[in-house]
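In: no sequence on hand, only this structure:
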């Protein structure tokens, strides 16, 4: 026998040693090391309405619906317990939900049900990555998982500024044209138009219209990721609902509006695919995504789909009312956070701390008078017992910046108060230790670009 | 507005136009077009024991187990309904199952619970693919999904002959050395040692020992995929149970021994990973796979894991007895198929048809006196009402060969009889239309190599 083999990390896929991967690990490790700390870092949904019995009830609701549709008990058992349709089994209910809640007219055949939205993201990026020239644009700051999925697909990401109120269209055009001049092929731009992670920012309605127009002019697809759209005090029309020419691939999830533990997401991909080898008259992009899915996870667990299917059925396929309670919790927490910030950092008084005011979702951004990186997060966790997320991770850059992300989605008012007291102490101490900086505007703070 | 965009298939990832992808589509399409045909093609588990009520019962069993372990109802709700541990929540039960049923001593921390075994396969291949020189070896004929996962990871696959009784060790060595001489880096060899898909073949115990030895000499990992091991009349020790030096990555699934609709698989990856950037004293390969999973599906649906967890708990973590009924069905069908073949193709009488005699699993291979490709499958479906799988798909080659795969896992005795009558008519007619061939031995039939 030879020696016990040791795999060298440098011989494994580069995503494993990327800054993104290291970021995610580091943040998880800090959270694990300080379980008693109050966490403004975790972006988990609120658990107060979780109900295990509802899992059974929703499953049975969906089962009864199938019995009515399929007639035959054996067919129902097959649908729920056997290997199943690659694109999923609750696609028609999702189409009804999209029509009801988002005024999106989606052909059910254009929907691929996935294991969380993360799989949908990967399927789309894998499909769009043909060779080294293929490039994704992403509005920065960006959800870290976007970079993760792109790395698994070996897909280059160029970032676009969000300074115009969610996306800077001139920067979008500049980055696209520069990339093309370099021989790259920008395929699509990824963004979260509603209550983005991490910025909390939303695109105004006029900006959405101009974005669609500009994307058409630049011949870019738009990847619209919408996990938080129903969880705010405003509800603007999605890009997809205004997408007349099939420019938008829509990415959805029930992790925040349904049940995280079901891990059900989906893509709406109604783009036509043509050319040699394409199916019949040209199939849908959804069918190409399904081919990839068949090589990746085969199909999304039908028993998990059934639970979400039942939830949709019990609510007439609308999740707006179904989420009234949790939406109120999120908004109450957000307001509580703001009041707490105002109390602790009154305007015009040092240290200079500012924050933005998202109209919904899970996240707010705080600008602080010092570079708030991973090292200081460690100090904050160990000495002050409070966790937050350094914003530089969302710019996929290593150099810390003067912003932190705060999430209050899963906290109580008492936890927010106590957490803010600790955070204020930490910020006060750090500010005393650092030279006074020039004031920064959260919305025009520094952006990374690769 | 510009024209409605049409994506050209040639601009999408190459896996979408690969022979593998086209094979899978073609086979699906034939099955959909002839729903009335008797299918020896589908490798689906038997449905006769499917029970929807057991889904609820198993979930509750696992819930009760969690209540006992975690004490706190809120913690149980969080475990089952919130975002969860990337490596999964039923890892300890899977470790007990592996110890009980397969005498595999797996550290629970080395187990990653995945969305079916297909995701586990992808995670491993993605991890092992650093650059273009990385190469996977696979014993051919090979499960089609292996090629699919490899294509998503842009990983080259070289095939190794199975003529020595499941794997030809000299060929393994030859292919490895030749690949290295070409500057390639063979990382691992994939195989299904028990009742392989599609060949039905199993490695003898001495061959398993020699394979482990040879893999060590050649410094290759072995990827042991074992979906059918508990579903036969013999039960040989897995490679992993004899793996003293961490040479084997073990891939498992509950799709055949539990419930396909839960989509729960797993990898056991206890290899050490060292080098710069590796965690602490060197982490486990399982932790690297988890990093990839966090970018791909985040975590496996806990509610689906709970159902399998409950199933394991209800059976003392052993699935041998739990599968006694279905194992008997598979064996009865296999025997029925053989008797039916003997009756319809008596030895020494034209047309010359031969078959192998697997001791378990879902599949048998039939050699026929003509090249049985996709076109003839179409004829068989349309004119004779019987489906089977052309074996050339499992060699990832386009040229048809004189073998077909038969599966009887989901059929009744009556369906097998009727299907064999139709198949015999088809073979008789085709053989009359073709010149008589030299006799072929199923186990030494032609192999593809790329």
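Out: Okay, I see it. Because the structure is predicted, anything quoted here is derived from the model rather than measured.
In: for the stretch 101-250 of chain A, which residues are neighbours of chain B?
Out: A:115-116, A:118-119, A:122, A:126-130, A:145, A:148-149, A:151-154, A:213, A:216-217, A:219, A:221, A:244-247 (Cβ under 8 Å from any Cβ of the partner chain). Where C-beta positions appear, they are placed from N, C-alpha and C, glycine not excepted.
In: the residues you listed in helices, which ones?
Out: Counting by DSSP state H, the part of these found in helices is A:116, A:118-119, A:122, A:126-128, A:145, A:148-149, A:151-152, A:213, A:216-217.
In: and the residue of the stretch 151-300 of chain A that's closest to chain B?
Out: Proximity of the stretch 151-300 of chain A to chain B (Cβ to the nearest Cβ) peaks at residue A:295, 3.1 Å away.
In: stretch A:72-80 near chain B at all?
Out: Yes - with Cβ under 8 Å from any Cβ as the criterion, chain B is reached by stretch A:72-80 at A:74, A:76-78, A:80.
In: run a quick neighbour tally on the residue in the stretch 1-150 of chain A that chain B sits nearest to.
Out: Using Cβ to the nearest Cβ, the single residue of the stretch 1-150 of chain A nearest to chain B is residue A:148, 3.1 Å away. Using other Cβ atoms under 10 Å in any protein chain shown, residue A:148 has 25 other residues around it.
In: report how many residues lie close to residue A:213.
Out: With other Cβ under 10 Å as criterion, residue A:213 counts 14.
In: what about it, distance to residue B:6?
Out: Applying Cβ to Cβ, to the nearest Å, the value for residue A:213 to residue B:6 is 19 Å.
In: cool, residue A:364 as well?
Out: Using Cβ to Cβ, we find residue A:364 at a distance of 41 Å from residue B:6.
In: those two - which one has more neighbours?
Out: Using other Cβ under 10 Å as the criterion, residue A:364 and residue B:6 rank with residue A:364 on top: 23 against 15.
In: hmm, the stretch of helix or strand the more buried one belongs to touching chain B?
Out: Taking DSSP states H and E as the definition, one finds residue A:364 inside strand A:363-367. No - against chain B, strand A:363-367 shows no contacts by Cβ under 8 Å from any Cβ, the least distance being 15.8 Å.
In: packing partners for that strand?
Out: On a contact count with 3 or more Cβ pairs under 8 Å, 6 or more residues apart in numbering or on different chains; DSSP states H and E, strand A:363-367 meets helix A:324-344, strand A:354-355, strand A:403-407.
In: list the buried residues for the first one?
Out: Think helix A:324-344. The neighbour-count check on helix A:324-344 (16 or more other Cβ atoms under 10 Å in any protein chain shown) flags A:326-327, A:329-331, A:333-334, A:336-338, A:340-341, A:344 as buried.
In: and what of stretch A:245-256?
Out: Buried residues in stretch A:245-256, counted by 16+ other Cβ under 10 Å: A:246-256.
In: nearest to residue A:420 among those?
Out: residue A:256 (23.8 Å; Cβ to Cβ).
In: all the strands of the stretch 51-200 of chain A, residue numbers only.
Out: Using DSSP state E, counting those that start in this stretch, the strands of the stretch 51-200 of chain A run over A:111-115, A:134-139, A:156-160, A:185-191.
In: re earlier: the residues of stretch A:72-80 next to chain B, buried ones only, as a PyMOL selection?
Out: Selection of buried members from the residues of stretch A:72-80 next to chain B for PyMOL, criterion 16+ other Cβ under 10 Å:
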select buried, chain A and resi 76+77+78+80
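In: narrow the residues of stretch A:72-80 next to chain B to those in helices?
Out: Taking DSSP H as the definition of helices, the residues of stretch A:72-80 next to chain B contribute A:74, A:76-78, A:80.
In: would you turn the helices and strands packed on strand A:363-367 into TSV with mean pLDDT?
Out: Shown next, in TSV, are the helices and strands packed on strand A:363-367 (pLDDT from 0 to 100):
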stretch	mean pLDDT
helix A:324-344	96
strand A:354-355	94
strand A:403-407	97
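In: and of the ones you listed, who's closest to residue A:267?
Out: Judging these by Cβ to Cβ, what sits closest to residue A:267 is helix A:324-344, at 24.2 Å.
In: need the helix or strand of chain A with the lowest average pLDDT.
Out: Ranked by mean pLDDT, DSSP states H and E, the weakest helix or strand in chain A is helix A:19-33, scoring a mean of 83.
In: hmm, residue A:224 is touching residue A:251, no?
Out: Yes - here residue A:224 reaches residue A:251: they are 6.6 Å apart, a contact under Cβ atoms under 8 Å.
In: and the stretch 301-450 of chain A, which of its residues are near chain B?
Out: Neighbours of chain B within the stretch 301-450 of chain A, by Cβ under 8 Å from any Cβ: A:301-304, A:307.
In: in helices, which of these appear?
Out: For those, the ones inside helices are A:302-304, A:307, with DSSP H as the criterion.
In: pull out the buried residues from the residues of the stretch 101-250 of chain A next to chain B.
Out: When those are checked for burial by 16+ other Cβ under 10 Å, the buried set is A:115-116, A:118-119, A:122, A:126-130, A:145, A:148-149, A:151-154, A:216, A:221, A:246-247.
In: what's the span of stretch A:34-42, first residue to last?
Out: Stretch A:34-42 has its terminal residues 13 Å apart, counting by Cα to Cα, to the nearest Å.
In: that one near chain B at all?
Out: No - judged by Cβ under 8 Å from any Cβ, stretch A:34-42 stays clear of chain B, getting no closer than 8.9 Å.
In: list the buried residues of that stretch.
Out: Those would be A:34, A:37-42, for stretch A:34-42 by 16+ other Cβ under 10 Å.
In: off-centre distance for it?
Out: A distance of 21 Å separates the centroid of the chain from that of stretch A:34-42, by Cα atoms, centre = their mean, to the nearest Å.
In: need the residues that contact that stretch.
Out: Residues from elsewhere that reach stretch A:34-42, judged by Cβ atoms under 8 Å, 6 or more residues apart in numbering or on different chains: A:27, A:30-31, A:381-382, A:385-389, A:405-411, A:415, A:418-419, A:422-423.
In: list buried residues within these.
Out: Buried members of those, counted by 16+ other Cβ under 10 Å: A:27, A:30, A:381, A:385-389, A:405-411, A:419, A:422-423.
In: just the helices in the stretch 151-300 of chain A please.
Out: Assigned by DSSP state H, counting those that start in this stretch, the helices in the stretch 151-300 of chain A fall at A:169-181, A:205-218, A:285-296.
In: columns mean pLDDT on top of these, output as JSON lines?
Out: What follows is these, written out as JSON lines (pLDDT from 0 to 100):
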{"stretch": "helix A:169-181", "mean pLDDT": "98"}
{"stretch": "helix A:205-218", "mean pLDDT": "97"}
{"stretch": "helix A:285-296", "mean pLDDT": "96"}
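In: out of those helices, which comes closest to residue A:274?
Out: When these are compared by Cβ to Cβ, helix A:285-296 sits nearest residue A:274, at 10.9 Å.
In: now do the closest one against helix B:285-296, angle only.
Out: 170 degrees (axes from the mean of the first three to the mean of the last three Cα atoms, to 10 degrees).
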